[in-house]
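Undergrad: Have a look; sequence and predicted model below, questions after that.
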Amino acid sequence: MLSIRNLNVGIAEKQILKDFNLEIKPGEIHAIMGPNGTGKSTLASTLAGKEDYEVLSGEVSFNGKNLLEMSADERAREGVFLAFQYPVEIPGVSTTNFMKAAVNAKRKHQGLEPMDAKDFLKLMREKMTLVEMNKEFTSRSVNEGFSGGEKKRNEIFQMAMLEPSLCLLDETDSGLDIDALRIVANGVNKLRDYKRSFLVITHYQRLLNYIVPDYVHVMYGGKIVKSGGKELALKLEEQGYDWIKEEVGELAN
Amino acid sequence: MAENDKIIDEVVANDYKYGFTTNIEQEFAAVGLSEDTVRFISAKKEEPEWMLDWRLKAYKAWLKMEQPKWQNVHFPEIDFQSIIYYAAQKRKKVINSLDDVDPEIRNTYDKLGIPIQEQKLLAGVAVDYVMDSESVITTFRESLKEKGIIFCSISEAIREQPELVKKYLGSVVPQRDNYYAALNSAVFSDGSFVYIPKGVRCPMELSTYFRINAENTGQFERTLIIADEGSYVSYLEGCTAPMRDENQLHAAVVELVTHDNAEIKYSTVQNWYPGDKEGKGGIYNFVTKRGICQGKNSKISWTQVETGSAITWKYPSCILKGDNSIGEFYSVAVTNNYQQADTGTKMIHIGKNTKSRIVSKGISAGNSQNSYRGQVQVHRTADNAYNSSQCDSLLIGDKCGAHTFPYLEIKNSTGKVEHEATTSKIGEDLLFYCNQRGLTNEEAVSMIINGYCKEVFKQLPMEFMVEAQKLLSISLEGSVG
């Protein structure tokens, strides 16, 4: 469902992703780990269509379509969802109104009528329980005055509302205490099914105790340098990234 | 990218849809301003001697005054001798009914979406239609008259209600109040007059629609609304003008008076031509609006949605003289491209237990500058006065500016004054966040703006609220992309 081939991406004249390759099949969870500054967040932002990132070459096909030709909002309506590392605040717009606009934009794209108010509220209630979100959050302005944990929960709530086929989680675990982490991870696990795919970007193995990946990839220097199963994450947790850097260094030599 | 260009092209093509002109035979005063001009206007309006004297007094005062320079807007010196001070349709016959209105004028108001009629859409609103210097017609006059309500053009009121006009005209905004008020007092042409008698709740919205049509003319309207004891009225004002390369001056004066237990709710949707994308042309909107809560327990509420004009400069104010009186100011001021706005309010607390509330929402986009300027005065006599002010600024893009100038003068220690101000920005990160949830830039901006202005919009009468929301989206279209 997602196929990335030889992707080269730069920002402000600096190349970040270098001949990046990744294949994700429906229903799979892929985790991407790696030291700071290796291009993990660049990958997520590029896939979501952030304009600052310039695609120099390469191909990304998403459900058979050329993802790189679509604007950010088109990609979202096609089913790409990014849970942001730093969700922004939208003053004056309640989460309810924001989600109503987003859900209906997607429905319009699919040729469906806007959802009627009753069904919408029912859907909201249903998805709120997934992330143990309090009802009052939905009437407050999006993310305004939310704690770090509440913002991340709100991201997963929105993900549940929009039912994407590809979920990109950009360091969703950063800044979360253990309870919030558990709630967020539970929310994600409930959204797992045989066709929805996840790309989970994280620094720490800890998240992967809760969201168990099918594959773990290590990114270094703008590309994947090692792939394995969930045990790879455990090894990284124990030994750090130095051995990876050494391996890569040897390869380069 | 191509998609974005397309959106912007569409927007540029239809951004100001009120920019057409009407071809009617008009007569004008000679260009420039002199005592003769004042006499000409007064004679055209068949005014009594006292009115002419009043105008001349204002004219003489104006000659000695100087243009204020303190406001945070910039424009070339206005040549007051190059303006035409009176333009009106050449009258062929007296207008007694709606059918007598010139088809061209009727057509104009149809195009503006406010057809001259008493049925259908506007069944709940009585409208005074003013084009350039003359009132065209006022609807529903007869049914209002049955309740003792007077709703007519100010010219007519001067002729037919001299006692009321003499008593109140200039009582809130004196002739020498400021440079543009003095100018208006000398040359004002038309506007609306409203009197609500004791104990009457006006059964419908009263509205005036101002239209500038003629070239090189200034529009100087004068509105006077009096709510007698225990009465209530909601009044709406709308305005548009053709697109022209020259700047046109609009200097109006609005005076409101409420007696004991009376309430006036005054709403404005100002959409004068703002000039083009490069800042060429547009209306200079220099307006003095002030109300006095004369009686106890009375209330004046200003709501304004300002999207038009090259320069907007006005401070709808309340003098809270009666004990327990309440003043409110709700404002949304939008500037885009090269527009400038310096707007806000004055709340002057004189009576005991007076309350005021200010909610100002400024939105700046493009290369525009948007200033909030507000003054709260609590006089020695105003025991237990209370004011709450909330001034929010929203910036779209990084070439525009937002400024806040609050002034507080508190002379009574029992008063309580609260001021809150915020500045936020619709930056790329916020837009990308919305895009990532499937919303286009246009949808995102419209949603954010409407959320941001909600508190002000809900003060507007229903018909206006929808209009205002649409207007806002239109004026900001193309500001991102």
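TA: Looks like it arrived, so ask away.
Undergrad: Name the residues of chain A found near chain B, please.
TA: Residues of chain A that fall close to chain B, judged by Cβ under 8 Å from any Cβ of the partner chain: A:48-52, A:71-73, A:76-77, A:81-82, A:84, A:87-88, A:90-94, A:97-98, A:101-102, A:105-106, A:109, A:141, A:158, A:162. Yep, even glycine has a C-beta here, placed from its N, CA and C like the rest.
Undergrad: for chain B, which spans come out with low pLDDT?
TA: Applying pLDDT under 70 to the predicted model, the residue ranges of chain B that meet it are B:1-25, B:89-101, B:105-106, B:108-109, B:111-127, B:129-138, B:212-216, B:239-246, B:463, B:477-481.
Undergrad: Against A:L199, how distant is the closest residue to chain A within the stretch 351-481 of chain B?
TA: Per Cβ to the nearest Cβ, B:G451 is where the stretch 351-481 of chain B lies closest to chain A, at 3.4 Å. Shown here: B:G451 relative to A:L199, a distance of 31 Å by Cβ to Cβ, to the nearest Å.
Undergrad: Those two: which is more packed in?
TA: Comparing B:G451 with A:L199 by other Cβ atoms under 10 Å in any protein chain shown, the one with more neighbours is A:L199, at 24 against 18.
Undergrad: State the next helix or strand along the chain beyond the helix or strand where B:V165 lies.
TA: When secondary structure is defined by DSSP states H and E, B:V165 falls within helix B:162-168. Note on helix B:162-168: by DSSP H and E, the next helix or strand toward the C-terminus is helix B:179-187.
Undergrad: shouldn't B:A310 be in contact with B:N337?
TA: No. B:A310 lies out of contact with B:N337 (Cβ atoms under 8 Å); the separation is 9.3 Å.
Undergrad: Selecting buried members of the residues of chain A next to chain B in PyMOL, what would you type?
TA: Buried residues within the residues of chain A next to chain B, by 16 or more other Cβ atoms under 10 Å in any protein chain shown, are selected in PyMOL with:
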select buried, chain A and resi 48+49+50+71+72+73+76+77+81+82+84+87+88+90+91+92+93+94+97+98+101+102+105+106+141+158+162
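Undergrad: Mind checking which of the residues of chain A next to chain B are in strands?
TA: Secondary structure of the residues of chain A next to chain B is defined by DSSP state E; positions in strands are A:81-82, A:90-94, A:141.
Undergrad: can you give me the helices in chain A?
TA: Defined through DSSP state H, the helices belonging to chain A, from first to last, are A:40-48, A:72-78, A:95-109, A:117-130, A:136-139, A:148-162, A:178-191, A:206-210, A:230-239, A:242-252.
Undergrad: Is it possible to get a markdown table of the ones you listed that adds mean pLDDT and distance to A:L2?
TA: A markdown table is the format used below for the helices of chain A (pLDDT from 0 to 100; distance: least, Cβ to Cβ, whole Å):
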| stretch | mean pLDDT | distance to A:L2 |
| --- | --- | --- |
| helix A:40-48 | 95 | 8 |
| helix A:72-78 | 97 | 11 |
| helix A:95-109 | 95 | 19 |
| helix A:117-130 | 92 | 24 |
| helix A:136-139 | 85 | 31 |
| helix A:148-162 | 93 | 16 |
| helix A:178-191 | 90 | 17 |
| helix A:206-210 | 90 | 20 |
| helix A:230-239 | 89 | 20 |
| helix A:242-252 | 78 | 24 |
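Undergrad: In TSV, list those helices along with distance to B:V172.
TA: Rendered in TSV, the data for the helices of chain A read as follows (distance: least, Cβ to Cβ, whole Å):
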stretch	distance to B:V172
helix A:40-48	57
helix A:72-78	51
helix A:95-109	40
helix A:117-130	46
helix A:136-139	41
helix A:148-162	50
helix A:178-191	58
helix A:206-210	66
helix A:230-239	75
helix A:242-252	78
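Undergrad: So which residues on the stretch 51-200 of chain B come close to chain A?
TA: Of all the residues in the stretch 51-200 of chain B, none lies near chain A, going by Cβ under 8 Å from any Cβ.
Undergrad: Strands of the stretch 51-200 of chain B, residue ranges please.
TA: Under the criterion DSSP state E, counting those that start in this stretch, the stretch 51-200 of chain B contains strands at B:87-89, B:125-131, B:134-138, B:150-153, B:192-196.
Undergrad: Tell me the helices and strands packed up against the last one.
TA: In this case it means strand B:192-196. In terms of contact count using 3 or more Cβ pairs under 8 Å, 6 or more residues apart in numbering or on different chains; DSSP states H and E, strand B:192-196 is assigned the packing partners strand B:150-153, helix B:154-160, strand B:205-211, strand B:222-227, strand B:232-240.
Undergrad: so what strands line up beside that strand?
TA: Each strand that pairs with strand B:192-196, with its direction, by DSSP bridges: strand B:150-153 (antiparallel), strand B:222-227 (parallel).
Undergrad: Show me the contact partners of that strand.
TA: For strand B:192-196, the external contacting residues (Cβ atoms under 8 Å, 6 or more residues apart in numbering or on different chains) are B:128, B:130, B:135, B:138, B:149-154, B:156-157, B:161, B:164-165, B:202, B:206, B:208, B:223-228, B:231-233, B:235, B:262.
Undergrad: Give the buried residues for it.
TA: Of the residues in strand B:192-196, B:192-196 count as buried by neighbour count, 16+ other Cβ under 10 Å.
Undergrad: list the contacts for the closest residue to chain A within the stretch 51-200 of chain B?
TA: In the stretch 51-200 of chain B, the residue found nearest to chain A is B:N72; the distance is 24.5 Å by Cβ to the nearest Cβ. With contacts taken as Cβ under 8 Å, 6+ apart, B:N72 has the following neighbours: B:340, B:342, B:369, B:371, B:373, B:403, B:405.
Undergrad: The closest residue to A:R125 other than its chain neighbours: neighbour count?
TA: The shortest distance from A:R125 to any non-neighbouring residue, by Cβ to Cβ, 6 or more residues apart in numbering or on different chains, is to A:K135 (8.0 Å). Residues lying near A:K135 (other Cβ under 10 Å) number 9.
Undergrad: Same question for the one 5 residues further on.
TA: Residues within reach of A:R140, counting by other Cβ under 10 Å, total 16.
Undergrad: That one: what's it in contact with?
TA: Contact criterion Cβ under 8 Å, 6+ apart gives A:94-95, A:146 as the residues in contact with A:R140.
Undergrad: Going by distance to B:S317, which of those residues wins?
TA: The closest of the contacts of A:R140 to B:S317 turns out to be A:S94 (Cβ to Cβ; 33.0 Å).
Undergrad: mind checking the backbone torsions on the closest residue to A:A102 other than its chain neighbours?
TA: Leaving out its chain neighbours, the residue that sits closest to A:A102 by Cβ to Cβ, 6+ apart is B:R437, at 4.0 Å. Dihedral pair for B:R437: phi -100, psi 10, per degrees, to the nearest 10.
Undergrad: The spatially closest residue to B:Q71 that is not a sequence neighbour: neighbour count?
TA: Spatially, and ignoring its direct neighbours in sequence, B:Q71 is nearest to B:D342 (4.6 Å; Cβ to Cβ, 6+ apart). Residues lying near B:D342 (other Cβ under 10 Å) number 21.
Undergrad: which strands and helices sit next to the helix or strand harbouring B:D342?
TA: B:D342 belongs to strand B:340-349 when elements are defined using DSSP H and E. Identification of packing neighbours for strand B:340-349 by 3+ Cβ pairs under 8 Å, 6+ apart yields strand B:299-306, strand B:311-314, strand B:317-320, strand B:326-335, strand B:355-364, strand B:369-378.
Undergrad: rewinding a little: need the winner for burial among the helices and strands packed on strand B:192-196.
TA: strand B:222-227 (a mean of 26; mean count of other Cβ atoms under 10 Å in any protein chain shown).
Undergrad: quick revisit: give me the common contacts of B:A310 and B:N337.
TA: B:274-275, B:279.
Undergrad: which one of those is nearest B:M447?
TA: Among those, and counting by Cβ to Cβ, the member closest to B:M447 is B:P274, at 22.9 Å.
Undergrad: Please determine how far the residue nearest the centre of chain A is located from A:K223.
TA: Here the mean C-alpha position of chain A is nearest to the C-alpha of A:L168 (Cα atoms, centre = their mean), at a distance of 1.7 Å. Plainly put, A:L168 is 18 Å away from A:K223 if you go by Cβ to Cβ.
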